[in-house]
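Colleague: Here's a sequence, model it:
(4 chains)
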There are 2 protein chains.
Amino acid sequence: METDPKAETRGEQTRRLIVETAIRLFGEVGYEKTTMRAIASAAGLSVGNAYYYFPSKDSLVTEFYLQLQREHMARAEEIIAAGGGFSEQLTGVLMAGLDLWDPYHSFGGRFIGIAAVPGSPTSPFSEESAEARELSLRIFERLVADTSLKMDAEVREELPELLWLAQLGLVVYWVHDRSPGQQRTRTLIETAVPYLESLVGLSRMKVFRAMTVRGLALVKLLRPV
Amino acid sequence: METDPKAETRGEQTRRLIVETAIRLFGEVGYEKTTMRAIASAAGLSVGNAYYYFPSKDSLVTEFYLQLQREHMARAEEIIAAGGGFSEQLTGVLMAGLDLWDPYHSFGGRFIGIAAVPGSPTSPFSEESAEARELSLRIFERLVADTSLKMDAEVREELPELLWLAQLGLVVYWVHDRSPGQQRTRTLIETAVPYLESLVGLSRMKVFRAMTVRGLALVKLLRPV
DNA sequence: GTCTATATCTAGATAGAC
DNA sequence: GTCTATCTAGATATAGAC
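Modeller: Numbers count the residues shown, from 1 in each chain, chains lettered A, B, ... in the order given. Below is the predicted model of the structure:
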């Protein structure tokens, strides 16, 4: 008896139902106020069943984050494939991320709190987040490898990792951004990205060599161990 | 009947006893595993009494943070008063902070998780953290105002706020630093501080004017709203 | 104003039966 | 896979003692 590998098993269906219900409730009444009982009840399941699929309430958030991340990377692929300059592509990728996250700004902060704890599976540096991290890193590697922007060879090597870290910082900025529609974060991108392009471009000039080398040493220290 | 203003009232004593007991237990068995019942019991008090002084378990962490912060600022005052160059003083202030935090690295991460949540009273940007923030900011203002290091006037204006933010970032780096004795964080300070001094010094040069202005615009965006 | 004791509520998480 | 019952721990409420 053959089964369509694309067809969802019953378990996968239940799993998806739980995440979707949870996210909906998180958005409606916030993360704290959404109880596991409420999630289970709204999904027409028992609490025990929800815990059969997700070991904790936090892990629901992790799952959701992974889904968003995959979606972001898919869009980023398209943006990079469409061509354009370094700033244009990088801005596009970052803005696409903001667009995706936008509906969830209200409880994004809660997620940051969960993710910031070192050693937790939700930490961006954890083993469990390796998939999301690699996904993200690969995009920036593609972007840097493809760009026609001239830069120091060593800078080119370190840049993807730096961009990945910068994106983390951007998310932190975004969750704390209470301007309408998080416009401030968008302004930050529009200011920082061309500035970065300029700095990266300068790395080729001999006069800046010393500063570039020192800057690279700094960036290397910032890389996760 | 006069009372010594320095003498602790009974309430203050109890308050301190609770925090000290909590911190000890946090260090011994971790934040999660330390229950309010255990804290109260170890301090020889009732749970209700602990809640009389602290509205939540998290607030115990906040109180502890404030105490460390005050201690840090006291040491920073001394370091600045002792004189020295910009790098020397800044490195001293940052290293003094690390020395203080050192014994608590194991559960520092937990604190970060609490503090990272936007809008929470533990957030460094919150109303409740205003005292700690002002304390910290004032130190950096003193440092920048006193230094003989020549720099662009506008840079001098923005620098204290930037240093405050950088310190936040440093703490995040530190909690994730799993090198022995968090040596990596110290290396980061030793690398980044002189680099910053160089950059700041360059801000006076006419050739860098355009980059300085753009950098300032960026820093202004980074300031908490 | 400080403190105790006890009962109770809430919600995350687990165990064991089916 | 799914359920019900139960446990744990943060937090609150109440009533009262000093």
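Colleague: CA atoms for contacts and neighbours, from now on please.
Modeller: Fine.
Colleague: what's the burial count for A:I189?
Modeller: 20 (other C-alpha atoms under 10 Å in any protein chain shown).
Colleague: hang on, I meant A:L98
Modeller: Using other C-alpha under 10 Å, A:L98 is surrounded by 19 other residues.
Colleague: For it, give me phi and psi.
Modeller: phi -60, psi -40 (degrees, to the nearest 10).
Colleague: And A:G44, by the same measure?
Modeller: Per-residue torsions, A:G44: phi 70, psi 30 (degrees, to the nearest 10).
Colleague: just the strands in chain A please.
Modeller: Under the criterion DSSP state E, chain A contains no strands.
Colleague: where in it is pLDDT low?
Modeller: A:1-6, A:225 (pLDDT under 70).
Colleague: Find the closest residue to chain B in it.
Modeller: When scored by C-alpha to the nearest C-alpha, chain A has A:G113 as its residue closest to chain B, at 4.4 Å.
Colleague: Return the residues in contact with the closest residue to that residue other than its chain neighbours.
Modeller: The shortest distance from A:G113 to any non-neighbouring residue, by C-alpha to C-alpha, 6 or more residues apart in numbering or on different chains, is to B:G113 (4.4 Å). Contact analysis of B:G113 by C-alpha atoms under 8 Å, 6 or more residues apart in numbering or on different chains lists A:112-117.
Colleague: if I look at the residue of chain A closest to chain B, how far off is DNA strand C?
Modeller: 14 Å (C-alpha to the nearest atom of the strand, to the nearest Å).
Colleague: May I have stretch A:129-149 as CSV, with CA atoms only?
Modeller: The C-alpha trace of stretch A:129-149 is given here as CSV (Å, rounded to 0.1, in the frame of the first residue of the first chain):
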residue,chain,number,x,y,z
SER,A,129,18.3,26.4,16.0
ALA,A,130,21.1,25.2,13.7
GLU,A,131,18.7,24.7,10.8
ALA,A,132,17.3,28.2,11.0
ARG,A,133,20.8,29.6,11.5
GLU,A,134,22.3,27.8,8.5
LEU,A,135,19.3,28.8,6.4
SER,A,136,19.8,32.4,7.2
LEU,A,137,23.6,32.3,6.9
ARG,A,138,23.4,30.7,3.5
ILE,A,139,21.3,33.6,2.2
PHE,A,140,23.8,36.2,3.3
GLU,A,141,26.6,34.1,1.8
ARG,A,142,24.8,34.0,-1.5
LEU,A,143,24.2,37.8,-1.4
VAL,A,144,27.8,38.5,-0.6
ALA,A,145,29.2,36.1,-3.1
ASP,A,146,27.0,37.4,-5.9
THR,A,147,27.4,41.1,-5.4
SER,A,148,29.5,43.1,-7.8
LEU,A,149,30.4,45.5,-5.0
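Colleague: Next, the buried residues of that stretch.
Modeller: A:129, A:132-133, A:135-137, A:139-141, A:143-144, A:147 (16 or more other C-alpha atoms under 10 Å in any protein chain shown).
Colleague: list the contacts for the residue nearest to A:F64 when sequence neighbours are not counted?
Modeller: If you skip the residues right next to it in sequence, A:F64 has A:V19 as its closest partner in space, 7.0 Å away by C-alpha to C-alpha, 6+ apart. Contacts for A:V19 were tallied using C-alpha under 8 Å, 6+ apart; they are A:60, A:63-64.
Colleague: From these, list just the buried residues.
Modeller: A:L60.
Colleague: Tell me how far the residue most central in space within chain A lies from DNA strand D.
Modeller: What sits nearest the mean C-alpha location of chain A, by C-alpha atoms, centre = their mean, is A:Q69, with 5.4 Å. With the distance defined as C-alpha to the nearest atom of the strand, A:Q69 ends up 25 Å from DNA strand D.
Colleague: try A:G48
Modeller: 4 Å.
Colleague: what number of residues lie near that residue?
Modeller: Other residues close to A:G48 by other C-alpha under 10 Å number 12.
Colleague: same check, this time on the one 4 residues further on
Modeller: A:Y52 is flanked by 11 other residues according to other C-alpha under 10 Å.
Colleague: Stretch A:30-37 and DNA strand C, are they touching?
Modeller: Yes: on the criterion C-alpha under 7 Å from any atom of the strand, stretch A:30-37 is in touch with DNA strand C at A:32-37.
Colleague: Could I get the buried residue list for that stretch?
Modeller: A:30-31, A:34-36.
Colleague: Would you mind trimming the contacts of A:V19 to those in range of DNA strand C?
Modeller: Of those, not one also sits near DNA strand C (C-alpha under 7 Å from any atom of the strand).
Colleague: Any chance of CSV for the contacts of A:V19, columns distance to A:L163?
Modeller: Formatted as CSV, the contacts of A:V19 follow (distance: C-alpha to C-alpha, whole Å):
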residue, distance to A:L163
A:L60, 27
A:E63, 24
A:F64, 23
